[in-house]
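Peer 1: Okay, sequence plus prediction incoming.
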Amino acid sequence: MDDVLDNFTDALENHGCRRRGRNMWTCPAHDDTEPSLSVDPGRNGGVVMKCHAGCDWRDILNAVGLTPKDIRVEVERYPYRNAAGNVLNRKIRFSPKQFTYEHSLNGARLPLYNLPEVMTAVKEGKRIWLVEGEKDANQLAALGEVATANPNGAAEWHPEYTESLIGANVIIVADRDDPGYQHAQRVRKELELLSKSVRVVQSKTTGKGDDVSDHLAAGYALDELIPVAPPPSVPYVPVNWDAAWKIVADDPEWLFEPVLESGTVNALFGKPGIGKSLLALSMAVDIAKRGLPVVYVDDENRIQDTVERLRAFGCHPKELDCLFMYSFAGLPPLDTPEGGKHLTAVAEHHGGKLIILDTTSRMVEGDENAASTYLQLYRCSLVPLKGRGMCVLRLDHPGKDDAKGMRGSSAKVGDVDTIWRLTEAQDGEKFFLLREKSRSDHGQDIVCLKRAEGPLRYIFDPVEYLPVNAKILAVARWLDGHECPAYYGRPKVREFLNNTPGSPGIDTNELAVVVRYRKARLAEKSDHIEAPF
């Protein structure tokens, strides 16, 4: 360490720089009459230099005929803090590029960089950039973004880092090299089931190892970063059970209650002209107005027709920033690997929370009556979207008898979590969404819809049409009498029943109806809910 410092001070002296006191020198990089360059030994080796007139350390080395290879210069210190904001250690960066820590880790593991800011961003729903180094994170922070890195970059990723990002909106910036891509895809796989959204992007510059700093230095904006699709070589990562256990909510997370649950694949079918596209567009607008990105791929309606409907909804262009409409976009067939790759890239580019396909039968090249067509659609296009936590809504037509389901192969029903049939009431004033299939049984089986004008809109009326019978009412009254909170979801109500002596017997399906009934009654302040039949 002393040799490095001596070599540098010798070079300053040979250049004619004057020394004052213990550590001040005239700076060789500018016309310095009063010593303005401080030179000190680094705590962990190397040299710490600072020109108080603002000269860059590289210019100082160049002025005395040295290069970074001739001397170890401390460039920056990065503080690693715990959740309370207390500094645990500092990572020290040297040039030539080398790192060490201010204090020995002694086997301890540091948290994510900028952990307090990350925790706040998760709570507030802000996007979080995950980069490979502290320098990149600091540069993004200077732009007003929340950015983090794991202490050793692409070298490692630990379960506690995943847990820190549960429920987060994460954008991973991959360095343009094999270790960078592998690290980004591994972390993406870890986060897909646990975060609200996760996508991988890379610099628009194409140099090997280029990162977000290179991207910004080239004059590109953050929204010009390029999406990265998972390569075939992406490592397979098993579920992290400790982290997964923490994401099980008391109630499902809805994009549009009670029809579209986050992260599920849904089908909506009904007779031609009944209003499937109108209903889908209505839900898309509602979700987009809440600031959640919706990607609507429309191979059914002209853009003129869509604009006319949006105007009827009372929409204005500035309200539709989160609705990304692709009208007759010409995507490759979605039952092919190429089609799935293109659709996934579009969805990831916008960070889509809901992907609408209108109409599915127009987006495949295989025989509509062949099971292989829809197995390929699921494998090539729907699995990648579902795996990224995106909700998908497929629109389709029924067969000759709409009560018998969607047109085409019965394999259509195997790849979706929920199937809704849109039908019209006999009075012509109401519509019903009838749930034909549900994997989870979240929500309810029948939803009543009413169309209203001025502006055009759908009014969802799930309360009036809950299938409540005498047993449901009896169990609900028993829970009320034993002061079980009406806002409890199924897990808590089941626990309450199991732990309370004399509780009535009830199966899972009945329990779901009891919970919905009590919540609906709580919301409506009414004891009267009419059964539909």
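Peer 2: Good, I have the coordinates.
Peer 1: residues touching Arg388, list them.
Peer 2: 192, 197-199, 344, 347-348 (Cβ atoms under 8 Å, 6 or more residues apart in numbering). C-betas here are computed from N, CA, C, even on glycine.
Peer 1: what about the stretch 401-533 of the chain, any weak spots by pLDDT?
Peer 2: For the stretch 401-533 of the chain, the stretches flagged by pLDDT under 70 are 401-404, 426-428, 461-468, 520-533.
Peer 1: that older thread, from the contacts of Arg388, which land in strands?
Peer 2: When the contacts of Arg388 are checked against strands (DSSP state E), the matches are 197-199.
Peer 1: Among the residues you listed, find me the one that's closest to Gly340.
Peer 2: Arg199 (15.9 Å; Cβ to Cβ).
Peer 1: Identify the residues contacting the closest one.
Peer 2: 170-172, 188, 227, 348, 351, 388.
Peer 1: ok, now with 6 Å
Peer 2: The contact partners of Arg199, taken as Cβ atoms under 6 Å, 6 or more residues apart in numbering, are 171, 348.
Peer 1: and the gap between it and Arg93?
Peer 2: 28 Å (Cβ to Cβ, to the nearest Å).
Peer 1: Same check on Met119?
Peer 2: Met119 is 25 Å from Arg93, by Cβ to Cβ.
Peer 1: domains for this protein, by residue range?
Peer 2: 2-79+89-101, 115-245, 254-461, 470-524 (automatic domain parsing).
Peer 1: Reformat the ones you listed into CSV and put distance to Arg109 next to each item.
Peer 2: Shown next, in CSV, are the domains of the chain (distance: least, Cβ to Cβ, whole Å):
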stretch, distance to Arg109
domain 2-79+89-101, 11
domain 115-245, 6
domain 254-461, 27
domain 470-524, 33
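Peer 1: Thr205 belongs to a helix?
Peer 2: No - Thr205 sits outside any helix when classified using DSSP: H, G, I helix; E, B strand; the rest coil, being coil.
Peer 1: For Glu224, see how far away it is.
Peer 2: 11 Å.
Peer 1: Tell me which of these two has more neighbours.
Peer 2: Thr205 (17 against 13; other Cβ atoms under 10 Å).
Peer 1: pLDDT value on the more buried one, please?
Peer 2: Looking at Thr205, its pLDDT is 95.
Peer 1: Surely it touches Asp214?
Peer 2: Yes - with contacts counted by Cβ atoms under 6 Å, Thr205 reaches Asp214, the gap being 4.9 Å.
Peer 1: Residue for residue, what is the longest helix the protein has?
Peer 2: In the chain, assigned by DSSP state H, the helix with the most residues is helix 508-524.
Peer 1: Just give me the residue closest to the centre of this protein.
Peer 2: Ser197 (1.0 Å; Cα atoms, centre = their mean).
Peer 1: how about the helices in the stretch 401-533 of the chain?
Peer 2: Assigned by DSSP state H, counting those that start in this stretch, the stretch 401-533 of the chain shows helices spanning 470-481, 490-499, 508-524.
Peer 1: mind putting those in a markdown table, distance to Gly408 and mean neighbour count included?
Peer 2: Compiled in a markdown table, the helices of the stretch 401-533 of the chain are given as follows (distance: least, Cβ to Cβ, whole Å; neighbours: other Cβ atoms under 10 Å):
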| stretch | distance to Gly408 | mean neighbour count |
| --- | --- | --- |
| helix 470-481 | 37 | 15 |
| helix 490-499 | 34 | 15 |
| helix 508-524 | 29 | 17 |
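Peer 1: what about the ones you listed, which gets the closest to Asp335?
Peer 2: Nearest of these (Cβ to Cβ): helix 508-524, 34.3 Å.
Peer 1: Please work out the average pLDDT along stretch 322-332.
Peer 2: Mean predicted confidence for stretch 322-332 is 93.
Peer 1: mind checking the end-to-end distance for it?
Peer 2: Using Cα to Cα, to the nearest Å, the end-to-end distance of stretch 322-332 comes out at 24 Å.
Peer 1: ok, residues contacting that stretch?
Peer 2: Against stretch 322-332 from outside (Cβ under 6 Å, 6+ apart): 284, 288, 291, 293-299, 303, 338-339, 342, 350.
Peer 1: which residues of the stretch 201-350 of the chain score low on pLDDT?
Peer 2: 230-237, 247-251.
Peer 1: any idea where the strands of it begin and end?
Peer 2: 226-227, 254-256, 260-261, 265-270, 294-298, 323-327 (DSSP state E, counting those that start in this stretch).
Peer 1: So which of these is the most surrounded?
Peer 2: The highest mean neighbour count among those, using mean count of other Cβ atoms under 10 Å, belongs to strand 294-298: a mean of 25.
Peer 1: Could you check how far Ile303 is from Ser327?
Peer 2: Relative to Ser327, and taking Cβ to Cβ, Ile303 is found at 4 Å.
Peer 1: Then Val515?
Peer 2: From Val515 to Ser327 the distance is 41 Å (Cβ to Cβ).
Peer 1: Check Cys391 too.
Peer 2: Distance, Cys391 to Ser327, using Cβ to Cβ: 21 Å.
Peer 1: what does Leu225 give?
Peer 2: Leu225 sits 26 Å away from Ser327, going by Cβ to Cβ.
Peer 1: ditto for Lys69
Peer 2: 57 Å.
Peer 1: mind listing the helices in the stretch 51-200 of the chain by residue range?
Peer 2: Under DSSP H, counting those that start in this stretch, the stretch 51-200 of the chain gives helices at 57-63, 115-124, 134-142, 159-164, 178-191.
Peer 1: Could you save those helices as TSV and add columns showing mean neighbour count and mean pLDDT?
Peer 2: Shown next, in TSV, are the helices of the stretch 51-200 of the chain (neighbours: other Cβ atoms under 10 Å; pLDDT from 0 to 100):
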stretch	mean neighbour count	mean pLDDT
helix 57-63	18	90
helix 115-124	17	94
helix 134-142	19	95
helix 159-164	17	90
helix 178-191	20	89
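Peer 1: To Pro398, which of the ones you listed lies closest?
Peer 2: helix 178-191 (37.6 Å).
Peer 1: Pull that closest one out as CSV, backbone CA atoms only.
Peer 2: Extracted in CSV, the C-alpha atoms of helix 178-191 (Å, rounded to 0.1, in the frame of the first residue of the first chain):
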residue,chain,number,x,y,z
ASP,A,178,-23.6,-14.4,-21.1
PRO,A,179,-23.2,-14.0,-17.3
GLY,A,180,-25.5,-11.0,-17.4
TYR,A,181,-28.2,-12.7,-19.4
GLN,A,182,-28.1,-15.9,-17.2
HIS,A,183,-28.2,-13.8,-14.0
ALA,A,184,-31.2,-11.8,-15.2
GLN,A,185,-33.2,-14.8,-16.4
ARG,A,186,-32.5,-16.7,-13.2
VAL,A,187,-33.7,-13.8,-11.1
ARG,A,188,-36.7,-13.3,-13.3
LYS,A,189,-37.7,-16.9,-12.7
GLU,A,190,-37.3,-16.4,-9.0
LEU,A,191,-39.5,-13.3,-9.0
